[in-house]
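# Attaching a predicted model along with its sequence, questions to come.
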Amino acid sequence: MKLIECVPNFSEGRDRAVIDAIAAEIAATPGAVLLDVDPGAATHRTVVTFIGEPEAVEEAAFRAIKKAAATIDMSRHRGEHPRLGATDVCPFVPVSGATMEDCVAVARRLGKRVGDELGIPVYLYEAAATRPERKSLAEIRKGEYEALPEKLKDPEFTPDFGPARFNAKSGATVIGAREFLIAYNINLNTRDKKLANAIAGAIREAGRSIKGADGKTTTIPGRFKECRAVGWYIEEFGRAQVSINLTNYKVTPLHEVFDAACEEATRLGLRVTGSELVGLIPREALLAAGDHYLAKQGKTSGVPEKERVHAAVLSLGLSELAAFDPGRKVIEYRYAGGPSGLVAMTVRDFADELSSNSPAPGGGSVAALCGALSSSLVAMVAALTWSKAGMEASRPAMRTAGNEAQALKDWFLDAVDRDTHAFNAVLAATRLPKKTPEDIAARAGAIECASQGAAKVPLDVLEATIRTLELSLQAAKDGNPNSVSDAGVAGAAALAAAEGAALNVRINLPSLTDPSVADEYLARQAGALSRARELAEKVRRAVDQVLG
């Protein structure tokens, strides 16, 4: 499945009825999932985020732009943020399974439709730009809405789509494709916009201009690439902010910009009091910040993901102006929703469900759960080793082991439900109609596909236990000796996961009608189980050696 994100910015941040009407158009589009609506009264601007497959996102974007054109009058608009039109900018971002080329195609199709059907001048930017000078949004938006009447008379400013004439009510719209942009504000303990601008000039890629005694202007480059920033005063909060767009957080991480702003603020006699995220943020960016601040505190990052996120939220001061809810602000969490299925149950509820007369969940889910428990114990030993005085030399290895064990824990937990879903898919396939030859053929194909899936899930679990056992062995040999019994239990639990998963592979193999797949799975099962048993014995011996 291809998933792309769209983050249109609308020039309305105060009239909730208008904002809700635009959002409703997106929410009502089949296949489009509305993730976030973030209005700002002072900026008079709303950032909307939604996601879905390309066709659905393209349609939702058109409906939203059309509604904005009908409900927003740019001739009466005033706000702190630069803007060009009712729908100021509409970028598409690849999220999962989609490429930048997919997003460029969507942007160009949408631009043509907006220009043709709505009569709005459209400019393409970033990866969708047709001319090098239009890659930059700031270049296209120079002079803002007020400059459009004159600029549209210039042949060099002819829009990519739509009429080259001033649309007083809707202005112009910029549509494009880009990497994920993090819109982020850093809060200062001052009302002085000039001081905020000084910090912005020091950190942004464009830098700042200084006029010398001879009257000549010199440009001093800023500290970060892919960073745009400006200072402003927000009366609503009674403070100045450094407003930042990080156009590629993989080049310039969020936490590095925050730390630099703190340094620049101190130099000016100011203090950064916190920060504010506008719209959503990728999970990866927030985890990187959490790991950065944990490392600065001398802590290991091999802790549960929620703790890494918590460290980021606290360190960046993201809850200063309003409570920061990762479930609503992290794009992956928002799209997937919260925990559900078996892993959302209490331990007692899971055991009760397991003990009922329903065939699922069964041994496959239990095997995956054993893998998760094993990985959790490895992560615990790694963390206890990190914090033990006298074992500082082991910290790098234990941090790596802890991080990997945490990732394995989450993978195994997902597999708890995947195994049950795979079994239920087999049952669903067997219930398909078989009245006609076509029905019979379709049913047989569905059963084969589902049966392969039912064998593949435990096979994946079995093969994953090998790495868990390797980490258990490392924890037993090099970890905190006071926790060696925990490393031993981790090895035992991983072996239980391997043995249980292997049985579930074997019981599903007779259902397969494709002998090549059955032979492949059987060979992989035998090889992985043999290796798991070998490693489990090594873990046991290592633990015995420490325990004496």
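Here it is on my side, so go on. Residues are numbered from 1 along each chain as shown.

# Report the residue spans of the chain with pLDDT below the cut-off.
337-338 (pLDDT under 70).

# can I see the domain layout of it?
For the chain, the structural domains run 3-177, 182-336, 342-547, going by automatic domain parsing.

# Could you dump the ones you listed into a markdown table with mean neighbour count added?
All C-beta atoms are positioned from the backbone trio N, CA, C, and that covers glycine. Listed next are the domains of the chain as a markdown table, based on neighbours: other Cβ atoms under 10 Å:
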| stretch | mean neighbour count |
| --- | --- |
| domain 3-177 | 20 |
| domain 182-336 | 18 |
| domain 342-547 | 19 |
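
# quick one: the strands in the stretch 201-350 of the chain?
Ranges of strands in the stretch 201-350 of the chain, per DSSP state E, counting those that start in this stretch, are 208-211, 217-220, 227-234, 239-246, 272-278.

# Can you say which of those strands is nearest to residue 99?
When the strands of the stretch 201-350 of the chain are compared by Cβ to Cβ, strand 239-246 sits nearest residue 99, at 21.4 Å.

# Quick check on residue 190: phi, psi?
Dihedral pair for residue 190: phi -150, psi 160, per degrees, to the nearest 10.

# residues contacting it?
By Cβ atoms under 8 Å, 6 or more residues apart in numbering, residue 190 lies in contact with 196, 239, 240, 270.

# Tell me which two of the residues you listed sit farthest apart.
Once Cβ to Cβ is applied, the contacts of residue 190 give 239 and 270 as the farthest pair, at 10.5 Å.

# Now do the shared contacts for these two.
Joint contacts of residue 239 and residue 270 (Cβ under 8 Å, 6+ apart) are 188, 189, 190.

# can you redo those residues as JSON lines with distance to residue 378?
As requested, the shared contacts of residue 239 and residue 270 are exported to JSON lines (distance: Cβ to Cβ, whole Å):
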{"residue": "188", "distance to residue 378": "43"}
{"residue": "189", "distance to residue 378": "44"}
{"residue": "190", "distance to residue 378": "48"}
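
# Show me the one of the strands of the stretch 201-350 of the chain that comes nearest residue 294.
Comparing the strands of the stretch 201-350 of the chain by Cβ to Cβ, strand 272-278 comes nearest, at 17.9 Å.

# Just checking the distance from that closest one to the centre of its chain.
19 Å (Cα atoms, centre = their mean, to the nearest Å).

# Equivalent analysis for stretch 188-200, please.
Relative to its parent chain, stretch 188-200 has a centroid offset of 31 Å by Cα atoms, centre = their mean.

# got JSON lines for the contacts of residue 190, with distance to residue 348 too?
Converted to JSON lines, the contacts of residue 190 look like this (distance: Cβ to Cβ, whole Å):
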{"residue": "196", "distance to residue 348": "53"}
{"residue": "239", "distance to residue 348": "49"}
{"residue": "240", "distance to residue 348": "53"}
{"residue": "270", "distance to residue 348": "53"}
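
# what's the closest of the residues you listed to residue 366?
Distance to residue 366 across these (Cβ to Cβ) is lowest for residue 239, with 54.1 Å.

# Just list whatever residues bridge to that closest one.
Beta-bridge pairing of residue 239 under DSSP bridges involves residue 234.

# Residue 6 too?
Going by DSSP bridges, residue 6 forms beta bridges with residue 50, residue 92.

# hang on, it packs against residue 94?
No. Using Cβ atoms under 8 Å, residue 6 makes no contact with residue 94, being 11.2 Å away.

# if we can go back for a sec, distance to residue 492 for the strands of the stretch 201-350 of the chain - can I get that in TSV?
Shown next, in TSV, are those (distance: least, Cβ to Cβ, whole Å):
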stretch	distance to residue 492
strand 208-211	61
strand 217-220	62
strand 227-234	50
strand 239-246	46
strand 272-278	43
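
# How far does stretch 395-408 sit from its chain's centre?
Put simply, stretch 395-408 sits 21 Å off its chain's centre (Cα atoms, centre = their mean).

# Using PDB, list the CA coordinates for that stretch.
Extracted in PDB, the C-alpha atoms of stretch 395-408 (Å, rounded to 0.1, in the frame of the first residue of the first chain):
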ATOM      1  CA  ARG A 395      28.200   0.800  28.200                       C
ATOM      2  CA  PRO A 396      28.500   1.100  24.400                       C
ATOM      3  CA  ALA A 397      27.800  -2.600  23.900                       C
ATOM      4  CA  MET A 398      25.000  -2.600  26.400                       C
ATOM      5  CA  ARG A 399      23.300   0.500  24.900                       C
ATOM      6  CA  THR A 400      23.300  -1.200  21.500                       C
ATOM      7  CA  ALA A 401      22.000  -4.500  23.000                       C
ATOM      8  CA  GLY A 402      19.300  -2.600  24.900                       C
ATOM      9  CA  ASN A 403      18.200  -0.700  21.900                       C
ATOM     10  CA  GLU A 404      18.000  -3.800  19.800                       C
ATOM     11  CA  ALA A 405      16.200  -5.800  22.500                       C
ATOM     12  CA  GLN A 406      13.600  -3.000  22.800                       C
ATOM     13  CA  ALA A 407      13.000  -3.200  19.100                       C
ATOM     14  CA  LEU A 408      12.700  -7.000  19.200                       C
END
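
# So residue 434: helix, strand or coil?
coil (DSSP: H, G, I helix; E, B strand; the rest coil).

# Check for me that residue 59 belongs to a helix.
Yes. Counting by three-state DSSP, residue 59 is found in a helix.

# what separates it from residue 66, distance-wise?
Distance, residue 59 to residue 66, by Cβ to Cβ, to the nearest Å: 11 Å.

# same check, this time on residue 321
With Cβ to Cβ as the criterion, residue 321 and residue 66 are 33 Å apart.

# Report whether the expected contact of residue 478 with residue 396 is present.
No. If you go by Cβ under 8 Å, residue 478 and residue 396 don't touch, sitting 11.1 Å apart.

# mind listing the helices for the stretch 301-450 of the chain?
Using DSSP state H, counting those that start in this stretch, the helices of the stretch 301-450 of the chain run over 305-316, 326-329, 331-336, 347-354, 363-386, 395-430, 437-478.

# now the stretch 151-300 of the chain
193-203, 254-267, 283-296.

# Put together CSV for the ones you listed, with distance to residue 527 on each row.
Below are these laid out as CSV (distance: least, Cβ to Cβ, whole Å):
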stretch, distance to residue 527
helix 193-203, 53
helix 254-267, 43
helix 283-296, 34
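
# Tell me the spacing between the closest residue to residue 279 other than its chain neighbours and residue 548.
Spatial nearest neighbour of residue 279, excluding adjacent residues (Cβ to Cβ, 6 or more residues apart in numbering): residue 47 at 4.5 Å. Distance, residue 47 to residue 548, by Cβ to Cβ: 62 Å.

# do the same with residue 498
For residue 498 relative to residue 548 (Cβ to Cβ), the value is 28 Å.

# re earlier: so which of the helices of the stretch 151-300 of the chain gets nearest residue 531?
Between the helices of the stretch 151-300 of the chain, helix 283-296 lies closest to residue 531; by Cβ to Cβ that is 31.1 Å.

# quick one: the closest one to helix 305-316, angle?
70 degrees (axes from the mean of the first three to the mean of the last three Cα atoms, to 10 degrees).

# Show me what helix 283-296 is packed against.
Under the contact criterion of 3 or more Cβ pairs under 8 Å, 6 or more residues apart in numbering; DSSP states H and E, helix 283-296 touches helix 254-267, helix 305-316, helix 331-336.
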